[in-house]
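Engineer: this one's structure only:
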């Protein structure tokens, strides 16, 4: 019988309201808490909705942002293979050697 009295006293202690932490806003009811919170903006609603249409539009935006710089960087250049690059480097080397050897002979 005394065990029942002890447990009922312990449950009464659990129902005692605890003080709020330091810096936390003081609220008394759930209704006041929900009324002070502004509704989400359109962008937040769009990002957090998870509907198929919004996810698809989000993927399109991300892919456009990542592909646009790549397209702009590669659109004007002609890609060379290794043999073309080596031929161009050899011509440049020969022209440097011929101009430096001709320049040293005239001294």
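Structural biologist: Yep, it's here. This one's a predicted model, so the numbers in the text were calculated from it and none came from an experiment.
Engineer: can you tell me what sits against stretch 51-58?
Structural biologist: Under the criterion CB atoms under 8 Å, 6 or more residues apart in numbering, residues 46, 47 lie in contact with stretch 51-58. (Each C-beta comes from the backbone N, C-alpha and C, glycine too.)
Engineer: state the mean pLDDT of it.
Structural biologist: Mean pLDDT, stretch 51-58: 88.
Engineer: for residue 74, give its distance to residue 85.
Structural biologist: 17 Å (CB to CB, to the nearest Å).
Engineer: Three-state assignment for residue 78, please.
Structural biologist: coil (DSSP: H, G, I helix; E, B strand; the rest coil).
Engineer: next, count neighbours for it.
Structural biologist: Neighbourhood size, residue 78 [other CB atoms under 10 Å]: 5.
Engineer: with residue 56 instead?
Structural biologist: 10.
Engineer: tell me where the model's unsure across the chain.
Structural biologist: 1-35, 77, 102-107 (pLDDT under 70).
Engineer: now the helices for it?
Structural biologist: All helices of the chain, identified by DSSP state H, fall at 2-14, 30-36, 42-48, 52-74, 82-105.
Engineer: which other helices and strands contact the last one?
Structural biologist: In other words, helix 82-105. Of the remaining helices and strands, none touches helix 82-105 by 3 or more CB pairs under 8 Å, 6 or more residues apart in numbering; DSSP states H and E.
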